[in-house]
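A.B. asks: Sequence and predicted structure, then a few things I'm wondering about:
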Amino acid sequence: MIDNEPVKTAVSPTDLDWLAEKLGVHSTTGLNCAFEPLLSAMPSGMFIYPAGSVVLREGEPGRDICIIRSGSVSVSRKTGLAAPVELGRLQEGDFFGELGFLMKTPRTATVTAETECRIFRFPADSFAAICAKNPALERKLRQTAQIRLEKIFLEQL
């Protein structure tokens, strides 16, 4: 694993339309009021992570949520003194960071870029405002979090 700093990159109108579709909000050509705070909260661009770089580290504060625009990541978790166990892989359109975001807890896993990845990262407070205006998005996050927590719990048995 590499601890490289991600590189910020420009976000195109196509990226924004893709994001709006993934989040279930209107397209950027007809921005609805719920999507505007998300865009304004976004860092100055999408982040590019080289293959092998750590995107999120287990144990760190869960202050943001990530959505993969392109590439794939591996999700792993430490199990005592043994080597980390891979919990799964995520790809374009998947999100992560929802457990720390929803539960306001430290990260439960480490996410590592398997290929070069372009990833949207959003501050928790701004994303929470979007979820408040888009109940379907919040339900999706909660359902995903429940499935992932069950998987983590079952692996500890």
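C.D. replies: In hand now; what should we look at?

A.B. asks: what's around the closest residue to residue 61 other than its chain neighbours, how many residues?
C.D. replies: The spatial neighbour of residue 61 that comes closest, neighbours along the chain excluded (Cβ to Cβ, 6 or more residues apart in numbering), is residue 106 at 6.0 Å. All C-beta atoms are positioned from the backbone trio N, CA, C, and that covers glycine. Close neighbours of residue 106, defined as other Cβ atoms under 10 Å, add up to 13.

A.B. asks: Repeat that for residue 81.
C.D. replies: Burial measure for residue 81: 5 neighbouring residues, criterion other Cβ under 10 Å.

A.B. asks: Give me the buried stretch members for stretch 141-150, please.
C.D. replies: Within stretch 141-150, the residues that qualify as buried are 141, 144, 145, 148, counting by 16 or more other Cβ atoms under 10 Å.

A.B. asks: Redo those as TSV? Include distance to residue 64, pLDDT and secondary structure.
C.D. replies: Written out in TSV, the entries for the buried residues of stretch 141-150 read as follows (distance: Cβ to Cβ, whole Å; pLDDT from 0 to 100; DSSP: H, G, I helix; E, B strand; the rest coil):
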residue	distance to residue 64	pLDDT	secondary structure
141	13	83	helix
144	16	84	helix
145	15	81	helix
148	17	79	helix
